[in-house]
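Undergrad: Test case, fold it:
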Amino acid sequence: MKQLFKSLWILLGLLLIQEMVNGAEENVALGQTSTHSSTYGTGYAGYAVDGVRDSFSDTNPETDPWWRVDLMKVYRVNRVAITNRLTDYHYSRINGAVIRVGNFLDVYSNTICAVISAIPSGAMANYSCGGMEGRYVIVHIPGNQKIINLAEVEVYGYLVGNRAVDGAATQSSTSGDWFAVKAIDGNRGLQQLYTGCSSTLNEINPWWRLDLRDVYRVSRVVVTNRRDCCAERINGAEIRIGNSLQNNGSNNPICAVIPGIPAGESYNYSCNGMDGRYVIIHIPGDQKRLSLCEVEVYGYLAENLAVAGVAIQSSTSGDRFAEKAVDRGLQQLYTGCSSTLNETNPWWRLDLQHIYKVSRVVVTNRRDCCAEQINGAEIRIGNSLKNSGNNNPICAVIPAIPAGGSYNYSCGGMEGRYVNLIIPGDMKTLTLCEVKVYGEVPCLKRTFVKMQFNSSNDLTDPSMRENVLKQLGSALADRGFTDVTLRWSQTPKRVIQKVNDAKRHCEKRKSP
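TA: Have a look, this model is predicted:
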């Protein structure tokens, strides 16, 4: 009797979906000043921005009741999240409420973002505002004998405005009192004469640099040229954006080259979301002079991915817990940093919760003492937890960081869920006062895998196919791929193959 072997060909559609997460979103309404048209009992307006969804604001029954939060600054609002009161009755009071965003105290002068049809009791609903600009977010209900109850109002977006005015400016040299700071005084046109602009001396490769004090995604830069004379001196100037101070920042990537700007005019240069802490303008060449009457920078903060992560370390010294290294750097003294015990190969690990393309890591050293303890620390990025993640590829090795200093390390888009810092060697202590991680989620990936199984199971059976997907999902999770959707692209095909007769005949002869 001929021996048969079954071989199963499976066309498996493997869809790897990395959720697009724009870093850690911040609720800009939390704790801000709020008010409403009236107050019923203890249903204060502030209960809607206290971060507690069990409390709620409450108005009296009235005509066109409203609630308003003052964000204190103008934001580009991406979305508003509304949580309805948790109750067995009256949850329908929110029906028909209007969300408005704008800069006017008069409710109806602001632009409508969305109309709320209904929100279930105790539930939260998101409403996209598409980047509407405004200082105020208002919720109101048109009609007579209406009551507004809001358990929580959350507003997500980013600041609008010229980032340069909060920065620090410097330049390669200074002509007279034409200081670097005069190019960020917020004054384009009122005083662009001798005392209103910055200027270097006549020199080789003059430059002007703005420190934004944090990393921004720069959408555009506006440069205003001098109006008194010499407008052509700006010709050929390069606008560069990045995080390096090498060559005074002039090695950072180019956003734009200025061919020319008429006297007293302001020209816009799009930078398409380039990431950087520094904005540099320089003119290559000999006997050049750089004058700037105003430099404006528009964009939004690049998200520090670390603040949404989970930190752990090999051991803990006192109360210097691992999470203190991702507390936004509010305290960098003894109690504000993480620290391990004195041990062999101490390590600290950050779980970013998702797989990111990491562009750079910023490490802040302790400032109280022992700055040299960071020397030789390795930054590793990857998806493996083997050896606690310390076998992942190296992004950088830290030779030294001055006490209290913050140094940037470029990782060139390395992909990974885990960021590890480890100091190899005996009797080492790892102290970190802040670790910031910047990057972006990889693009949507679709992988189709064709696989062959030797199986006695019938994979045309849906339950059997589901079991295979569960096993694959578990294997991927062990490697850090948790945000994954697995699907069959088609029903597996069964192929029955006969064993080669000659081979079977030889095997028979060898049998006793």
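
Undergrad: Just give me the neighbour total for residue 162.
TA: Residues within reach of residue 162, counting by other C-beta atoms under 10 Å, total 16. Glycine gets a C-beta too; all of them are placed from N, C-alpha and C.

Undergrad: I'd like to know how far it sits from residue 432.
TA: Look at residue 162 and residue 432: by C-beta to C-beta, to the nearest Å, they are 34 Å apart.

Undergrad: Likewise for residue 388?
TA: Between residue 388 and residue 432 the distance, using C-beta to C-beta, works out to 16 Å.

Undergrad: Those two: who's more crowded?
TA: Higher neighbour count among residue 388 and residue 432: residue 432, with 25 against 17, using other C-beta under 10 Å.

Undergrad: got a pLDDT number for the more buried one?
TA: On pLDDT, residue 432 comes in at 94.

Undergrad: show me the residues around it that make contact.
TA: Counting by C-beta atoms under 8 Å, 6 or more residues apart in numbering, residue 432 touches 325, 337, 338, 339, 348, 363, 364, 365, 366, 374, 421.

Undergrad: mind checking pLDDT for the last one?
TA: So the one you mean is residue 421. On pLDDT, residue 421 comes in at 97.

Undergrad: Go ahead and list the helix or strand containing it.
TA: strand 406-422 (DSSP states H and E).

Undergrad: strands paired with that strand, and their directions?
TA: strand 347-364 (antiparallel), strand 377-382 (antiparallel) (DSSP bridges).

Undergrad: Please enumerate residues in contact with the last one?
TA: Applying C-beta under 8 Å, 6+ apart, the external contacts of strand 377-382 come out as 358, 361, 363, 389-398, 409, 411, 414-424, 430, 480.

Undergrad: next SSE after it?
TA: Next helix or strand after strand 377-382 toward the C-terminus (DSSP H and E): strand 394-398.

Undergrad: got a list of contacts for that following strand?
TA: Contacts of strand 394-398 (C-beta under 8 Å, 6+ apart): 358, 361, 363, 374-381, 407, 409-412, 414.

Undergrad: so where's the stretch 251-400 of the chain shaky on pLDDT?
TA: Scanning the stretch 251-400 of the chain for pLDDT under 70 picks out 328-335.

Undergrad: re the thing from before, quickly compare the strands paired with strand 406-422 and say which is most buried.
TA: strand 377-382 (a mean of 23; mean count of other C-beta atoms under 10 Å).

Undergrad: Please save the CA atoms from that strand in CSV.
TA: Presented in CSV, the C-alpha positions along strand 377-382 are these (Å, rounded to 0.1, in the frame of the first residue of the first chain):
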residue,chain,number,x,y,z
ALA,A,377,26.9,53.9,29.6
GLU,A,378,25.4,52.3,26.5
ILE,A,379,22.1,53.3,24.9
ARG,A,380,20.4,50.2,23.3
ILE,A,381,17.2,50.1,21.3
GLY,A,382,15.2,47.1,20.1
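
Undergrad: Mind listing the residues bridging to the closest residue in space to residue 124 that isn't next to it in sequence?
TA: Leaving out its chain neighbours, the residue that sits closest to residue 124 by C-beta to C-beta, 6 or more residues apart in numbering is residue 83, at 4.4 Å. Legend: beta-bridge partners of residue 83 under DSSP bridges are residue 124, residue 152.

Undergrad: helices and strands around the strand or helix carrying residue 222, which ones?
TA: Residue 222 belongs to strand 207-224 when assigned by DSSP H and E. When contacts are defined as 3 or more C-beta pairs under 8 Å, 6 or more residues apart in numbering; DSSP states H and E, strand 207-224 packs onto strand 168-171, strand 237-242, strand 254-258, strand 266-282, strand 291-292, strand 294-301.

Undergrad: Compile those strands into JSON lines and extend it with columns for mean neighbour count and distance to residue 196.
TA: Shown next, in JSON lines, are those (neighbours: other C-beta atoms under 10 Å; distance: least, C-beta to C-beta, whole Å):
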{"stretch": "strand 168-171", "mean neighbour count": "18", "distance to residue 196": "14"}
{"stretch": "strand 237-242", "mean neighbour count": "23", "distance to residue 196": "19"}
{"stretch": "strand 254-258", "mean neighbour count": "17", "distance to residue 196": "20"}
{"stretch": "strand 266-282", "mean neighbour count": "19", "distance to residue 196": "14"}
{"stretch": "strand 291-292", "mean neighbour count": "24", "distance to residue 196": "11"}
{"stretch": "strand 294-301", "mean neighbour count": "21", "distance to residue 196": "9"}
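
Undergrad: out of those, nearest to residue 101?
TA: Closest approach to residue 101 among those is made by strand 294-301 (16.5 Å; C-beta to C-beta).

Undergrad: Now do the closest one and strand 237-242, the angle between them.
TA: Orientation check (axes from the mean of the first three to the mean of the last three C-alpha atoms, to 10 degrees): strand 294-301 against strand 237-242 gives 30 degrees.

Undergrad: buried residues in the helix or strand that comes right after strand 294-301?
TA: Downstream of strand 294-301, the next assigned helix or strand under DSSP H and E is strand 310-313. Buried residues in strand 310-313, counted by 16 or more other C-beta atoms under 10 Å: 311, 312, 313.

Undergrad: chain center to strand 310-313, what's the gap?
TA: In terms of C-alpha atoms, centre = their mean, to the nearest Å, the centre of strand 310-313 is found 19 Å from the chain centre.

Undergrad: Can you list the helices and strands that it packs against?
TA: So strand 310-313, by 3+ C-beta pairs under 8 Å, 6+ apart, packs with strand 347-364.

Undergrad: quick one: the strand it packs on to strand 266-282, angle?
TA: 110 degrees.

Undergrad: Between strand 207-224 and strand 347-364, find me the angle.
TA: Between strand 347-364 and strand 207-224, the angle comes out at 70 degrees (the same axes, to 10 degrees).

Undergrad: correct me, but residue 72 touches residue 32?
TA: Yes. The pair residue 72 / residue 32 is scored as a contact, 6.3 Å apart, by C-beta atoms under 8 Å.

Undergrad: how far away is residue 416 from residue 361?
TA: Counting by C-beta to C-beta, the gap from residue 416 to residue 361 is 11 Å.

Undergrad: can you map out the strands along the stretch 101-250 of the chain?
TA: Using DSSP state E, counting those that start in this stretch, the strands of the stretch 101-250 of the chain run over 111-115, 124-140, 149-150, 152-159, 168-171, 198-199, 207-224, 237-242.

Undergrad: So what does residue 466 have for phi and psi?
TA: phi -60, psi -40 (degrees, to the nearest 10).

Undergrad: Mind putting the strands paired with strand 406-422 into CSV with distance to residue 104?
TA: Output for the strands paired with strand 406-422, formatted as CSV (distance: least, C-beta to C-beta, whole Å):
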stretch, distance to residue 104
strand 347-364, 39
strand 377-382, 47
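
Undergrad: how about these, which one is nearest residue 92?
TA: strand 347-364 (36.3 Å).

Undergrad: quick revisit: give me the sheet partners of the helix or strand following the strand holding residue 421 and which way each runs.
TA: Next in sequence after strand 406-422, counting helices and strands by DSSP H and E, comes strand 431-432. Strand pairing for strand 431-432, using DSSP bridges, gives strand 338-339 (antiparallel).

Undergrad: what about the strand it pairs with, distance to the chain center?
TA: 24 Å.

Undergrad: do stretch 105-118 as well
TA: Its chain's C-alpha centre and that of stretch 105-118 lie 29 Å apart, by C-alpha atoms, centre = their mean.

Undergrad: and stretch 408-428, C-alpha only, in CSV?
TA: The C-alpha coordinates for stretch 408-428 follow below in CSV (Å, rounded to 0.1, in the frame of the first residue of the first chain):
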residue,chain,number,x,y,z
ASN,A,408,21.7,64.4,22.5
TYR,A,409,22.4,61.0,20.9
SER,A,410,21.3,60.4,17.4
CYS,A,411,19.8,57.0,16.7
GLY,A,412,19.1,57.4,13.0
GLY,A,413,15.6,55.9,13.1
MET,A,414,16.4,52.7,14.9
GLU,A,415,13.2,50.7,15.4
GLY,A,416,12.3,49.4,18.9
ARG,A,417,9.9,49.2,21.7
TYR,A,418,12.5,49.2,24.4
VAL,A,419,15.2,51.8,25.2
ASN,A,420,17.9,50.5,27.6
LEU,A,421,20.8,52.3,29.3
ILE,A,422,23.4,49.9,30.8
ILE,A,423,26.8,50.5,32.3
PRO,A,424,29.0,47.4,31.8
GLY,A,425,31.3,46.4,34.6
ASP,A,426,31.5,45.7,38.3
MET,A,427,30.6,48.0,41.1
LYS,A,428,28.8,50.5,38.9
